[in-house]
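Undergrad: Predicted model, plus sequence, below.
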Amino acid sequence: MSNLFNEMIAKYLDKYTVVDIANDYYEKIVEFAEQVIKKKIVEIHHQVDNHSELKRFTTGLLGEAALEQLFGIKIIDWTIGNSSYYHHPDIPGYRVGIKTVEHGKFPIFFKKNDYPQIICIRSKV
């Protein structure tokens, strides 16, 4: 599946916008992701799959940070709580979600996804 994804990406390569995240903002995102993980460990689905959570949370937040920078609006919700309260589109005031994946991986969506998603691709740098 990775080859298919790379072929699709190559087709639209000239339509990409590269956004660099400043190191201090990156560090803030990583620290926040660590805090989120500490709070969510009480949730059953986080106890079952907690080995790559820091990477997943950081990747997702970096996509939101990139779009904040690109669009000039606040997107990241810096609050922490039960996952059920955060199951909604990512961009405040819009019914649009954000999916961020590492380069070469395919984004995963809920089967019943009823709003559009912006796909962000994180470079491996």
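TA: Arrived safely. All of these numbers come straight from a predicted model, not from anything done at the bench.

Undergrad: For this protein, which segments are assigned as strands?
TA: 97-102, 117-122 (DSSP state E).

Undergrad: Okay, now the sheet partners of the first one, with direction.
TA: Partner strands and pairing direction for strand 97-102 (DSSP bridges) are strand 117-122 (parallel).

Undergrad: For the partner strand, list every residue counted as buried.
TA: Residues of strand 117-122 classed as buried: I118, C120, I121, R122 (neighbour count, 16 or more other CB atoms under 10 Å). To be clear about C-beta, it is placed using only N, CA and C from the backbone, and glycine gets the same treatment.

Undergrad: Now do that strand, average pLDDT.
TA: On average, the pLDDT along strand 117-122 is 92.

Undergrad: what do you get for stretch 69-80?
TA: For stretch 69-80, the mean confidence score works out to 95.

Undergrad: How far off centre is it?
TA: The chain centroid and the centroid of stretch 69-80 are separated by 12 Å under CA atoms, centre = their mean, to the nearest Å.

Undergrad: Helices along this structure, start to end?
TA: Using DSSP state H, the helices of the chain run over 2-11, 23-40, 44-48, 53-71.

Undergrad: before we move on, back to that, between the buried residues of strand 117-122, which is closest to Y26?
TA: R122 (11.3 Å; CB to CB).

Undergrad: That closest one against L62, yeah?
TA: Yes: with contact defined as CB atoms under 8 Å, R122 reaches L62; the gap is 5.8 Å.

Undergrad: any common contacting residues for these two?
TA: T100 (CB atoms under 8 Å, 6 or more residues apart in numbering).

Undergrad: quick revisit: would you format the buried residues of strand 117-122 as a markdown table with distance to S52 included?
TA: Below are these laid out as a markdown table (distance: CB to CB, whole Å):
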| residue | distance to S52 |
| --- | --- |
| I118 | 22 |
| C120 | 18 |
| I121 | 18 |
| R122 | 14 |
